[in-house]
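Have a look at this fold, sequence not included:
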Ligand SMILES: CCCCCc1ccc(-c2ccc(S(=O)(=O)CCO)cc2)cc1[C@H]1C[C@H]1c1ccccn1
C-alpha cells in the first residue's frame with residue numbers, strides 16, 4: 001500500500017533529513033569541525049552531548065566517479081548486500097518488509113571494548129526525488145534510516161544496549177555528456193554523496209571512547225561502502 005502505518009512519520013523525517021543534508025557545512029564558524037579527509041571525502045562532526053552522552057552529529061561529503069545516486073542508494077538500502085560492506089555488523093534481521101522501498105531492520109553491532117554491545121531497530125526508506133519540476137534542479141536519490149520501536153524487541157531486554165539513530169544517505173548524480181554524442185559511459189558520471197548521521201549510544205559510554213570509535217569507524221565505513229558500490233557496478237549497465 002502506498003500509505004502504510006509509518007507513512008506520515010517517514011514522510012516527515014525524510015523531508016527534514018533531505019533539507020538538513022542539503023545545508024552545507026558552511027564557513028568554519030558554524031560549529032562543524034573537519035575531522036577526516038581522504039581524497040574527495042570530507043568528514044565533519046559537531047561536538048554535542050545529551051544527558052552527558054556524546055551524540056555528535058556527523059556530516060560527510062564525498063564525490064565518487066563512475067557510479068550514480070540510484071546505485072549508491074540501491075546497495076545501501078538492500079538487505080542482501082549489507083554483510084558485504086558493514087564491517088561492524090554482527091547480526092541483521094529484516095523484521096518487516098513494509099513496501100518495496102521501506103523495511104524494518106533489527107541490527108546487533110559487534111561489541112566495542114570497553115563499552116557493552118549495542119543493537120538498534122530502525123525503519124529504512126528509499127526515495128527518488130526527481131527534479132522534473134525545474135530541469136536544472138537537483139535529481140536526488142536518498143535512503144533515510146530512523147530508529148523505531150518493535151513490540152517483540154523491547155529495548156535493553158537482553159545483553160545489548162539499544163542505540164537510537166537517524167541516518168541520511170543523500171545522492172546527486174552528475175553527468176558530463178561526451179562531446180561526440182556517444183552513449184554515456186561510467187567515465188562520464190559521478191555521484192555527490194552527503195551522509196548525515198546522529199547516533200545516540202543509549203546507555204552511558206565514555207566520551208573519549210565514543211569519539212575515538214566514531215573517528216575510526218565512520219571514515220572506514222564510507223570508504224569501504226563506496227568502494228563496494230564501485231566494484232559491484234563496474235561491469236554492469238548504469239542504473240540512472
Ligand atoms: C560504543 C559504541 C556505540 C555505538 C556503536 C555503533 C552502532 C551502530 C552504528 C551504525 C548503525 C547503522 C548505520 S547505517 O548508516 O544505518 C548503515 C546500516 O548499518 C551506521 C552506524 C554505529 C556505531 C558506532 C561505532 C560507530 C560506527 C560508525 C560507522 C559504522 C559503524 N560503526
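Looks like it arrived, so ask away. Being a predicted model, the structure only gives us computed values, none of them experimental. Numbering: from 1, shown residues only.

In terms of pLDDT, where does residue 2 sit?
Confidence at residue 2, expressed as pLDDT, is 65.

Quick check: which ranges of the protein have low pLDDT?
1-2, 27-29, 133-135 (pLDDT under 70).

swap the cut-off to 90 and go again
1-5, 24-31, 50-53, 112-115, 131-139, 203-206 (pLDDT under 90).

By residue count, what's the longest helix in it?
helix 207-233 (DSSP state H).

tell me what it is packed against?
strand 33-38, strand 41-45, strand 53-54, strand 58-65, helix 69-77, helix 82-85, strand 189-200 (3 or more CB pairs under 8 Å, 6 or more residues apart in numbering; DSSP states H and E). In short, each C-beta sits where N, CA and C put it, glycine included.

Go through the ones you listed and name the closest to the ligand.
Distance to the ligand, taken as CB to the nearest ligand atom, is lowest for strand 189-200 among the helices and strands packed on helix 207-233, at 5.2 Å.

Report the inter-axis angle for that closest one versus helix 69-77.
Taking axes from the mean of the first three to the mean of the last three CA atoms, to 10 degrees, one finds that strand 189-200 is oriented at 30 degrees with respect to helix 69-77.

how close does the residue lying farthest from the centre of the chain sit to residue 190?
In the chain, residue 180 marks the outermost C-alpha relative to the chain mean, sitting 36.6 Å out by CA atoms, centre = their mean. Remark: distance between residue 180 and residue 190 (CB to CB, to the nearest Å) = 20 Å.

Likewise for residue 140?
15 Å.

And the residue most central in space within the chain, how far from residue 127?
Residue closest to the mean C-alpha point of the chain, counted by CA atoms, centre = their mean, is residue 169 at 3.8 Å. Counting by CB to CB, the separation of residue 169 from residue 127 is 11 Å.

Find residues that contact each of those two.
142, 143, 144 (CB atoms under 8 Å, 6 or more residues apart in numbering).

what would those residues look like in CSV with distance to residue 162, neighbour count and secondary structure?
What follows is the shared contacts of residue 169 and residue 127, written out as CSV (distance: CB to CB, whole Å; neighbours: other CB atoms under 10 Å; DSSP: H, G, I helix; E, B strand; the rest coil):
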residue, distance to residue 162, neighbour count, secondary structure
142, 25, 24, strand
143, 21, 24, strand
144, 19, 25, strand
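
Can you give me every residue that contacts the closest residue in space to residue 98 that isn't next to it in sequence?
The spatially closest residue to residue 98, leaving aside those adjacent along the chain, is residue 4, at 5.2 Å (CB to CB, 6 or more residues apart in numbering). When contacts are counted by CB under 8 Å, 6+ apart, residue 4 touches 98, 99, 102.

And residue 205, by the same measure?
Contacts of residue 205 (CB under 8 Å, 6+ apart): 53, 54, 115.
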